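Asks: Here is the input, now give the coordinates:
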Amino acid sequence: MQTQAQVESAEAYEEARAAVKAAEAAVETAQAALCEAMLSFADPSVRAPFDGWISARNVDRGAMVGNATTAFSMVDIHLVKAVFAVPDTSLRMVRPGQKQTVMLDTLEHALQGVVTSISPQADPRTRVFPVEVTLANPRSEVKPGMIGSLILGGAREPESRLIVPLGAVVRAPSAAKGFAAFRVVERDGKSYAEAQVIQMGQTIGNSIEVTSGLSAGERIITLGGSLVRDGQEVRVLTGE
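Replies: Numbers count the residues shown, from 1 in each chain. The predicted structure is shown next:
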């Protein structure tokens, strides 16, 4: 037999256990609500998968966007690539893993990099081979789009060089493995394209050095040379 006091104590214990279970259920409900709120709060945030610089912003604050919208464009410039082109006559001077010095007009000191890519195929339009040199850029002093120069093979460049645009270089009509440029010559008051075999040196940006075959001051065709035939009559267009 239980006394009245024991019965009341047991009932109070059961009520306390029920209250604890109710409180635990309330805590779980609150935690679930907190997690849902945190997910909702994180939805408007955009986090980049790497450290870098924002190069383009395509949305404004408060704008409605979809899943396919590109909100920002970022660039990582801890490593940068110097891209230049090499003719087949100078390709032997470049090899993967080779250390290469690059000079930029905006910097007072030279940069040291490594040749990390040499295209196995020449560009079908310019007939030169794209080459990439990877440069460490810990201070972010090199920006994408900068123009520089370099020396292949460690040879010192002459102070005076004859430079022509890469677009002026074509395959020589008389030599399958040679290169040429079309000079513009005058005969009987008309202008004609005359193929001149040339020897090329170093590539400088979108231009290339001509070591023989042309002289300073000669007029040459710089655009559309691949569409011109040797001896074809041409019309010289001059700007205002």
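
Asks: mind giving me the domain ranges of this protein?
Replies: As assigned by automatic domain parsing, the chain contains the domains 1-45, 48-76, 79-154, 163-234.

Asks: could those be laid out in JSON lines, adding mean pLDDT?
Replies: Shown next, in JSON lines, are the domains of the chain (pLDDT from 0 to 100):
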{"stretch": "domain 1-45", "mean pLDDT": "73"}
{"stretch": "domain 48-76", "mean pLDDT": "80"}
{"stretch": "domain 79-154", "mean pLDDT": "87"}
{"stretch": "domain 163-234", "mean pLDDT": "88"}
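
Asks: hey, where'd the helices end up in the protein?
Replies: Along the chain, the stretches classed as helices by DSSP state H are 4-42.

Asks: coming back round to it: now mean neighbour count too, for the domains of the chain, in JSON lines please.
Replies: Placement of C-beta: from N, CA and C, glycine included. Below are the domains of the chain laid out as JSON lines (neighbours: other CB atoms under 10 Å):
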{"stretch": "domain 1-45", "mean neighbour count": "9"}
{"stretch": "domain 48-76", "mean neighbour count": "9"}
{"stretch": "domain 79-154", "mean neighbour count": "15"}
{"stretch": "domain 163-234", "mean neighbour count": "16"}
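
Asks: Check which helices and strands the lengthiest strand in the chain sits against.
Replies: Looking across the chain with DSSP state E, the single longest strand is strand 190-204. Applying 3 or more CB pairs under 8 Å, 6 or more residues apart in numbering; DSSP states H and E, we find strand 190-204 packed against strand 79-86, strand 179-187, strand 207-212, strand 233-234.

Asks: what pairs with it, and is each one parallel or antiparallel?
Replies: strand 179-187 (antiparallel), strand 207-212 (antiparallel), strand 233-234 (antiparallel) (DSSP bridges).

Asks: what comes into contact with the shortest one?
Replies: Taking CB atoms under 8 Å, 6 or more residues apart in numbering as the criterion, the residues outside strand 233-234 that touch it are 184, 190-193, 221, 228.

Asks: what residues are up against the closest residue to residue 170 other than its chain neighbours?
Replies: Of all residues not flanking residue 170 in the chain, residue 225 sits nearest, at 4.5 Å (CB to CB, 6 or more residues apart in numbering). Applying CB under 8 Å, 6+ apart to residue 225 gives the contacts 167-170, 181-182.

Asks: tell me which of the residues you listed is nearest to residue 16?
Replies: Closest approach to residue 16 among the contacts of residue 225 (CB to CB): residue 167, at 89.7 Å.
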